[in-house]
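K.L.:
fold the following and give me the result.
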Amino acid sequence: MSDEEVLRDRVMAYWDQRVKEDFYKSYDFEDPIYKKKMSLVQYVKRLAVDPVRLKDVTIAGIQMEDGAAWVDLKTRIQVRAPGTPGPFTVDMERKDRWGRIEGIWYHVIDEPSAQSGDRK
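P.N.:
Below is the predicted model of the structure:
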């Protein structure tokens, strides 16, 4: 498999867990630097109370450079807003950051550290 295919598989595995709301499994894909700051319990609690629910994610494109990647995603989300008769669905595009650390691709949340290439 090419490096892009490996990344594509990992990205989809991560987002599949997020769509299923299996946050315990999606946590494994997060950048190790981020996980030093955010415990598994904190991560699960934060995502569990979010009024936005992912319903579908597809990859629209990938740009890779020196152990970093930016993944263009098309998402369908469901939002539960207070005072509305029910949830509503929105299609959105977003850009995801991924970094390769010791040969493994990780999802990056507000941590530019994993973008700078492979770390030992």
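
K.L.:
just the endpoints, please. Distance across stretch 45-53?
P.N.:
This stretch, stretch 45-53, spans 14 Å end to end (C-alpha to C-alpha, to the nearest Å).

K.L.:
with stretch 26-33 instead?
P.N.:
15 Å.

K.L.:
show me the contact partners of it.
P.N.:
10, 13-14, 17-18, 35, 38, 40, 43-44, 47, 99, 101, 106-109, 111, 113-114 (C-beta atoms under 8 Å, 6 or more residues apart in numbering). Every residue, glycine included, has its C-beta placed from N, CA and C.

K.L.:
do the same with stretch 70-83
P.N.:
Residues outside stretch 70-83 that contact it (C-beta under 8 Å, 6+ apart): 7, 11, 15, 51-63, 86-98.

K.L.:
try 7 Å this time
P.N.:
11, 51-63, 87-98 (C-beta atoms under 7 Å, 6 or more residues apart in numbering).

K.L.:
hang on, the earlier thing: and the contacts of stretch 26-33, which of them are buried?
P.N.:
10, 14, 17-18, 35, 38, 43-44, 47, 99, 101, 106-109, 111, 114 (16 or more other C-beta atoms under 10 Å).

K.L.:
poorly predicted segments of this protein, please.
P.N.:
For the chain, the stretches flagged by pLDDT under 70 are 110-120.

K.L.:
residue ranges of the strands in the protein, please?
P.N.:
Ranges of strands in the chain, per DSSP state E, are 52-65, 68-79, 88-101, 104-108.

K.L.:
redo those as JSON lines? Include distance to residue 28.
P.N.:
Formatted as JSON lines, the strands of the chain follow (distance: least, C-beta to C-beta, whole Å):
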{"stretch": "strand 52-65", "distance to residue 28": "17"}
{"stretch": "strand 68-79", "distance to residue 28": "18"}
{"stretch": "strand 88-101", "distance to residue 28": "13"}
{"stretch": "strand 104-108", "distance to residue 28": "9"}
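
K.L.:
nearest to residue 1, out of those?
P.N.:
Across the strands of the chain, residue 1 has its closest neighbour in strand 104-108 (12.1 Å, C-beta to C-beta).
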